[in-house]
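J.: Below is the sequence, then the predicted model.
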Amino acid sequence: MNGVSSLTGAGPWKAEGDGAGWPSWIDGLLYGPGEGRVSVEDAGFQTGCAVFETLLLKEGNIPFLAEHLERLAEGALGVGIPWPLPFEPRAALAEFSAALERAFELPERLVLRVTLTRGVPGAGPSLVLTAREVAAVPANGVRAALAPRAKVAADNLEGLKSTSRLRNVLAREAAAAQGAWEALLCTEEGDVVEGTISNLFAVLPLAGGETALVTPALGRGCLGGIVRGRLLAALAGGREGLPRALQELAVREQRLEPEDLARAREIMLTNTTGGVIPVREILGLWRTQASELPAPGGVTAALAGLLWELEGGSGDRA
């Protein structure tokens, strides 16, 4: 297996439908589709000591890149990976994305994944970049299911975006077997905190006919999602010019119980690649209103539009 310094003239490398259709970048070298390898002694493979970030390459720019790299650094320190790294992640992303743009006619949106492992003992950390196409999300919303395995809200490891995600993988597979797109994770106390690959929001009725946009607080053991944080920051500032559905909306970070979801007017999920994803049904949850939610509802649609503007205004060439 030999790395190459450039992909120019090497395409077309993308192989339709084989699951290995994009090149990779590993510790300073570019590899063709299916050619990238890491050592069997790598701690990321042996023990799961690794962190990762999922980025969106959107029309040549990476929205919220600074926040993603900041979280990568925090995660690295959280799992004992020394920082700074032998390879600077921003420079690596610039090289990788430029090589992809030279070799392929890229779609408007492409997923880039940054994986950072402890590496082979004695050799230092290993940085791996990969690409894949954005998975389609149903426009009319998704179904979710409550997962049986609980998170531990007081465990600081819950807030790390590490590759040790067995509970999440099994929960989402179990949800998929029921016909759901996502599994919602609860704490040992029963409150619902997040999806396996997403953050959770709900629009709840308040006394007096008002409504609130509620998302679980980070102290409940959920991951500090980049999209979650950007939306909350935008709503915390002046709301002039925002869609009417968002202007008078109360915003709260607090516990979300299953009973809250049962009376919610809208439920949505957020992540980097899917954006704002409407939830139309939570399987097995008896609702005090209609069994299916509006998907998207007015607040969900307004947040999706807001995120689109934020992505455009924060695009950063790697």
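T.: Nice, I can see it. Model, not experiment: these values are computed from the prediction.
J.: What is the helix or strand where E70 lies packed up against?
T.: Under the criterion of DSSP states H and E, E70 resides in helix 65-78. Judged by 3 or more C-beta pairs under 8 Å, 6 or more residues apart in numbering; DSSP states H and E, helix 65-78 is in contact with strand 50-58, helix 89-103, strand 109-117, helix 226-236. All C-beta spots, glycine's among them, are computed from the backbone N, C-alpha and C.
J.: between these, which gets nearest to R167?
T.: Across the helices and strands packed on helix 65-78, R167 has its closest neighbour in strand 50-58 (16.2 Å, C-beta to C-beta).
J.: how about low-confidence regions in this protein?
T.: 1-20, 287-291, 313-318 (pLDDT under 70).
J.: Let me see the contact set for the most centrally placed residue in it.
T.: By C-alpha atoms, centre = their mean, the chain has its centre lying nearest to N271, at 4.0 Å. By C-beta atoms under 8 Å, 6 or more residues apart in numbering, the contact set of N271 is 54, 197-199, 225, 227, 277.
J.: and the most far-flung residue of the chain relative to its centre, helix, strand or coil?
T.: Most distant residue from the mean C-alpha position of the chain: G208, 35.2 Å away (C-alpha atoms, centre = their mean). Look at G208: counting by DSSP: H, G, I helix; E, B strand; the rest coil, its state is helix.
J.: What's the end-to-end length of stretch 185-200?
T.: By C-alpha to C-alpha, to the nearest Å, the extent of stretch 185-200 from end to end equals 10 Å.
J.: Please apply the same query to stretch 99-117.
T.: Its start and end residues considered, stretch 99-117 measures 23 Å (C-alpha to C-alpha).
J.: can I get the helices and strands packed on helix 65-78 in JSON lines with mean neighbour count and distance to K161?
T.: Below are the helices and strands packed on helix 65-78 laid out as JSON lines (neighbours: other C-beta atoms under 10 Å; distance: least, C-beta to C-beta, whole Å):
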{"stretch": "strand 50-58", "mean neighbour count": "22", "distance to K161": "6"}
{"stretch": "helix 89-103", "mean neighbour count": "18", "distance to K161": "14"}
{"stretch": "strand 109-117", "mean neighbour count": "21", "distance to K161": "10"}
{"stretch": "helix 226-236", "mean neighbour count": "18", "distance to K161": "10"}
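J.: Among these, which comes closest to L77?
T.: Taking the helices and strands packed on helix 65-78 one by one with C-beta to C-beta, strand 50-58 is closest: 9.5 Å.
J.: Identify all contacting residues around the closest one.
T.: Contact partners of strand 50-58, identified using C-beta under 8 Å, 6+ apart, comprise 43-44, 62-63, 65, 68-69, 71-72, 75-76, 78-79, 81, 93, 97, 100, 106, 108-118, 131, 134, 160-163, 271-273, 311, 315.
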